[in-house]
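**Q** return a 3D structure for these sequence lines:
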Amino acid sequence: MFEGATTEQAYAILAAAQRVIQSVLNPDDPRSGRGTAIVIAAGKLLFTPAVDVDPTTLPHIEPQDLGRAVGADRELAEHAAALIACASLADGTIDPDRLRLVVEYAHAVHVSEGFVRDLLQIARGHLSWAMADMARRNVSTFPGWAHPDDTLPPMMPYQDQTDDDKRLADQFRALEGFPKTSYGHQFWVHFRKHGFGFPGEKDAFTSLFAVPHDGLHVLSGYSTSIQGELLVSTFTGAMHRRDALRAHILPVIFEWHVGSDVNGIGAQSGALDPIKFLVSWQRGESTTTDVLSPEWDFWEAAQHDLEELREQYEIVPLLPADAATGEEIIVEKEADRYAQ
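**A** Numbering: from 1, shown residues only. Modelled structure (predicted):
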């Protein structure tokens, strides 16, 4: 993620990240201290060579100092601004002063992407507006889903059960007959084990969302627990790259770690594990095929062996220590635990 950064640049970025985290730990909040953990983990995981830091000894760095250290490297600047933004929320709190400092750091390295504007609006007290903006941007990254007028499209469009809907559902059910190790069959297993409706079925999510999103659960190996959803969304944003923070990464941090409802699913808190989070970000960035590209063809991919497809897409294997924990989302009355 920060390959090519000099030691001076690495320390400047980590010092800035350290400055926007919670300075006084809250012993009653298990999220407290995760900002510091992100700084330590980022030094070890994101820089080549690794940087071993003691956050308490990092220097005080002003935005203009970070700007001088980063220089004209646009990719480094964007990664720096993104890391600093995520670090500011890792302790699970929304602090307007820290968010304003995040914005200052971003502007100092000449990053003014949408997520920077959203964080500024949140610092000004406009959380609902920013959450709505993130939801719209998320939808817009799924090919064919967004409405031209920027209103949010229905998540479950098959209530009327047209003939086309029924044919679509039959097409997904037929994945059961694909070879057991194929991506298509494992996609079918994922839906059956969790009791999810296939696109086209009455209570199913639209295929425009479910196919890439649940397809990425299968490809990345992340579960459907709350932590798994945070990690697969981080993987997705890093893989897609465009508008990664505003559309994918920050919304799940706010919803499932900070505890601010983004899209009506329901707020949770504490899902961000610093190491797992950064690993998922790295895994997404290293993936060479964008599943959210309009050119990506699920039905062509479905025919391939899953492990061979992961290798083709250069998806780094998920180590057990980096996998999501927590109870998975399962529709009990519909789930088939024995599907294989």
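**Q** what's in contact with the helix or strand of the chain with the lowest mean pLDDT?
**A** In the chain, the helix or strand scored least confidently by mean pLDDT, DSSP states H and E is helix 127-140, which has a mean of 93. Contact with helix 127-140 is made by 94, 114, 118-119, 121-122, 145-146, 150, 152-153, 243, 246-248, 250-251, 254, 260-263, as judged by Cβ atoms under 8 Å, 6 or more residues apart in numbering. All C-beta atoms are positioned from the backbone trio N, CA, C, and that covers glycine.
**Q** farthest from the middle of the chain: give me that residue.
**A** Within the chain, the residue lying farthest from the chain centre (Cα atoms, centre = their mean) is residue 163, at 35.0 Å.
**Q** count of neighbours near the closest residue in space to residue 48 that isn't next to it in sequence?
**A** Leaving aside its sequence neighbours, residue 48 sits nearest to residue 3 (Cβ to Cβ, 6 or more residues apart in numbering; 4.7 Å). For residue 3, the neighbour count with other Cβ atoms under 10 Å is 11.
**Q** gap between residue 3 and residue 49?
**A** 10 Å (Cβ to Cβ, to the nearest Å).
**Q** low-confidence ranges, this structure, go.
**A** Residue ranges of the chain with pLDDT under 70: 261-267.
**Q** apart from its chain neighbours, what residue comes closest to the residue nearest the centre of it?
**A** Centroid-nearest residue in the chain, with Cα atoms, centre = their mean: residue 234, separated by 1.8 Å. Closest residue in space to residue 234, ignoring its immediate chain neighbours: residue 280 at 4.4 Å, by Cβ to Cβ, 6+ apart.
**Q** residues near the one you found, how many?
**A** Using other Cβ under 10 Å, residue 280 has 27 neighbouring residues.
**Q** and it, what is it in contact with?
**A** Counted by Cβ under 8 Å, 6+ apart, residue 280 has contacts 220, 222, 231, 232, 234, 235, 238, 322.
**Q** just give me the neighbour total for residue 107.
**A** Neighbours of residue 107 (other Cβ under 10 Å): 15.
**Q** ok, it touching residue 113?
**A** No. Contact status for residue 107 versus residue 113: not in contact, 11.1 Å apart, counting by Cβ atoms under 8 Å.
**Q** kindly provide the distance from the nearest residue to residue 223 once chain neighbours are set aside to residue 273.
**A** Spatially, and ignoring its direct neighbours in sequence, residue 223 is nearest to residue 324 (4.7 Å; Cβ to Cβ, 6+ apart). To residue 273, residue 324 is 9 Å away according to Cβ to Cβ.
**Q** surely residue 270 touches residue 258?
**A** No. Using Cβ under 8 Å, residue 270 is not in contact with residue 258; the gap is 9.4 Å.
**Q** overlap in contacts of the two?
**A** With contacts defined as Cβ under 8 Å, 6+ apart, the residues shared by residue 270 and residue 258 are residue 92.
**Q** who has more neighbours, these two?
**A** Between residue 270 and residue 258, counted using other Cβ under 10 Å, residue 258 has the larger neighbour count: 23 against 17.
**Q** which residues sit in contact with the more buried one?
**A** Residue 258 neighbours (Cβ under 8 Å, 6+ apart): 89, 92, 93, 94, 269.
**Q** try residue 239
**A** Counting by Cβ under 8 Å, 6+ apart, residue 239 makes contact with 216, 284, 285, 287, 290, 291, 292.
**Q** repeat the analysis, applying 6 Å as the threshold.
**A** 284, 287, 290 (Cβ atoms under 6 Å, 6 or more residues apart in numbering).
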